[in-house]
Structures are given as structure tokens and as C-alpha cells.
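J.: Task: produce atomic coordinates for the following.
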Amino acid sequence: MNWYPWLNGPYRQLIGQYDDGRGHHALLLHAAAGNGDDALAYGLSRWLICQHRNGEKSCGDCHSCRLMLAGNHPDYHVLAPEKGKSSLGIEPIRQVIETLYAHAQQGGAKVIWLPQAEQLTEAAANALLKTLAAPPEKPYCLLGCREPSRLMATLRSRCLYWHLASPVEQLSLQWLGRQAAGSQTDRLTALRLHDGAPLAAEQLLQPQQWQQRSALCAALSAALPQRDMLSMLPVLNHEDVAERLHWLCALLVDAMKWQQGAHHYVLNQDQQPLVHQLASLLSSASLQQIVQQWLNCRHQMLSVVGVNRELLLTEQLLRWEQMLGAAGYSHPHSL
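T.: Take a look at the predicted model:
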């Protein structure tokens, strides 16, 4: 697994706690997607399992280290939902708990890594909670999460909370400059669109993904003068619609910032003419209303099973046209 420079500080702090005997048996690692929490948890797991630690580092040579590098250490467990499922049920939790109470096969520590604890069902969370409340000897449970508020309060209370913040912008830009193509402005835009998470920004900068965003921006720029918002349906109606709506909402929020003179804080630094176009066309109140409508639409896309995506998008685009018409512009469609 790759290692990233912004993880060095958090890694040393966590290792220092465990090395001093102050490490908690249950660690709740809160991080935004794309900040490298998987790599941090893996590095910490390797150190915990290593039989001959070299200060802050695992030795890399002992039998446990070799098993970890090979990806088949019997005392290291990664828990994730089965393919095609979005939740983690009680049965995998029961199975791994049984192994925790058994003797470690390599005679050292046992480590569980649960990348997204929000995926636990209520029954699974309760089963894990009992183990965290009265843990066996030398087990370590590392829980990752995106939104701690979605976890049971009792589960959170049994863990040491650790927030892995996004690195400072300049460090991330330097790293992206070595990893991804594109201009400095493109890299800054990708980074800001993902709350400063470098790995997520790197994914957005991949040619196919970046072209899709550029196509959305071009479609919006062409639709605005004609007030033909329905023409945007083809660029929005895709499987990754949630991501595309995120791009759209970011542009609308940027337009509100532009109206307030906060140009430096615009996320879409590479699309300033489009942001200016939006800011000139609609009032701040109208922009705010449109953003809220799109956020509601996005929430329905993510939460309603079997939702008619095309119908929802069409309805919202027609609402936007109506709003432009109410502001004094003619629009080619009616709701």
C-alpha cells in the first residue's frame, strides 16, 4: 500500500501513544474520503503486529511482517460488506469476534480494520460494542468513518476519536504536482472541490473524469444565454449523477461568493468566467434557492431506492427555467 507524506505526523503521534502504553484498544479514525486513512490504518496495523519493531517502524523482516506484506496474516482482519451490499451484517462480526477470543496464531497482537463503520447494521454494531466494552487480551480494533454522527453514541464512546484532517493546501499541491497532469489552477480546483483531500483530487484530475466535468461546465455555459436548462439533461443523467451534482452546486455556491467579492475563495478557479456568468444572471437569493433544490434532488438520488433519475433531473431543470423566467427572462420549456 502506498504511503503519503501528510500521514507522517499523525502516524508518529499514534505510534507514540501505543509505544508509551497509552494506546487505546479501539481507535475511531475520522477522515474525509481521499485523505489516506486506509494507508494510515495499515501502517499502524503493521506496527502493532510486528514482532521486532524498529522504533516507530515495523521491521519488515519478521514472519508477521512478511505475512502482512503478502496480504494473508491470520491475525489481521479487514471487514467490508459483501459485493453488491451496502451494509455489514452481524454474521461477519460474530466470526471475527470468535477469532479475537482465540489465541493469536502468530502469538502477537490481533488487529481488525473496519474502513467504514457507518456500514454496520444495528445488530452488528451492538455485537461489536459488547466486545469493545470487555475486550480480550491484545486485540486492536481500528474503525474508519466519514460521518461519526451516523454511528451509535455508545459505540463512539468506547473508542478513542482521532480526526485525520486534510493536509495544508500547499503540501497537497506539491504532491499533486508530482502525481497528476494539468495546470496549477486545475490542481487547485480539484483539491478545493474535494475539501483538500489529495487522493480524491488526483482521481478527479484523471483525463476521463476531468473531461466529464469540463463537458458539464461547457453545457451550463451554453445553456445560460438561451435559458435552456433542459439541454443539460444529457450531461447530468449518468450513474455518477451525485458527483456531477456536486460539481454543479459548487459552481452555484461560487457564484454567491463572487457576488460578495470573495473571488479568492471560489472553488472552481479554472471556471471563473462561468462563475461570473452565473453571478451576473441571478440574485443571491435565487442562487441559494437553486442550490437548496439541487441538494434536495441529490439527497433523493442517494437515499431513495429505485428513484427515477431522469424524471427527477428533468423536473429540477424545468424549475430552474421557470425561475429564470420569473426573473424576467423567457424560457423555452414549461413545467
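
J.: Could you check how many residues crowd around Leu324?
T.: Using other CB atoms under 10 Å, Leu324 has 21 other residues around it. Using the backbone N, CA and C atoms, a C-beta is placed for each residue, glycine as well.

J.: just checking, it touches Pro225?
T.: No - between Leu324 and Pro225 there is no contact under CB atoms under 8 Å: 10.9 Å.

J.: shared neighbours of these two, anything?
T.: The contact sets of Leu324 and Pro225 do not overlap (CB atoms under 8 Å, 6 or more residues apart in numbering).

J.: ok, the nearest residue to Gln116 once chain neighbours are set aside - contacts?
T.: Leaving aside its sequence neighbours, Gln116 sits nearest to Gly144 (CB to CB, 6 or more residues apart in numbering; 5.9 Å). By CB under 8 Å, 6+ apart, the residues touching Gly144 are Leu29, His30, Ala31, Asp37, Asp38, Ala41, Trp113, Leu114, Pro115, Gln116, Ala117.

J.: same thing but 10 Å
T.: Contacts here follow CB atoms under 10 Å, 6 or more residues apart in numbering; on that basis Gly144 touches 27-31, 37-38, 40-41, 113-118, 164.

J.: Sort out which of the residues you listed are in strands and list them.
T.: Those of the contacts of Gly144 mapping onto strands are Leu27, Leu28, Leu29, His30, Ala31, Trp113, Leu114, Leu164, per DSSP state E.

J.: Where does Leu143 sit, in terms of helix or strand?
T.: With secondary structure defined by DSSP states H and E, Leu143 is part of strand 139-145.

J.: ditto for Asp61
T.: Here Asp61 is assigned to no helix or strand, by DSSP H and E.

J.: who does the closest residue to Leu79 other than its chain neighbours bridge with?
T.: The shortest distance from Leu79 to any non-neighbouring residue, by CB to CB, 6+ apart, is to Leu114 (4.7 Å). Beta-bridge pairing of Leu114 under DSSP bridges involves Leu143.

J.: Out of the contacts of Gly144, who's the most crowded?
T.: Ala117 (28 neighbours).

J.: That residue and Tyr161 touch, don't they?
T.: No - checked against CB atoms under 10 Å, the pair Ala117 and Tyr161 is beyond contact range at 11.8 Å.

J.: Spit out the residues that contact those two alike.
T.: Leu28, Leu29, His30, Cys145, Pro148.

J.: Looking at those residues, which is nearest Gln271?
T.: Of all these, Gln271 sits closest to His30, with 30.8 Å by CB to CB.

J.: need the contact list for the residue nearest to the closest one when sequence neighbours are not counted.
T.: Counting by CB to CB, 6+ apart, His163 is the residue found nearest to His30 once chain neighbours are left out, at 4.8 Å. His163 makes contact with Pro10, Leu28, Leu29, His30, Ala31, Ala32, Pro148 under the criterion CB under 10 Å, 6+ apart.

J.: Pretty sure the fifth one sits against Tyr161.
T.: No - contact between Ala31 and Tyr161 fails when scored by CB under 10 Å: they sit 11.6 Å apart.

J.: would you list every one of the helices in the stretch 201-335 of the chain?
T.: Secondary structure of the stretch 201-335 of the chain by DSSP state H, counting those that start in this stretch: the helices cover 207-226, 233-236, 241-259, 272-281, 284-303, 309-326.

J.: okay, and for this structure, where does confidence drop off?
T.: Along the chain, the model assigns pLDDT under 70 to residues 326-335.

J.: thinking again about what came up before, between the contacts of Gly144, which sits nearest Tyr4?
T.: The shortest gap between Tyr4 and any of the contacts of Gly144 belongs to Leu40, at 8.7 Å (CB to CB).

J.: Which residue, other than its chain neighbours, is closest to the closest one?
T.: Leu40 sits nearest to Leu7 (CB to CB, 6+ apart), 5.1 Å away.

J.: That neighbour: how many residues sit nearby?
T.: The burial count for Leu7: 18, using other CB under 10 Å.
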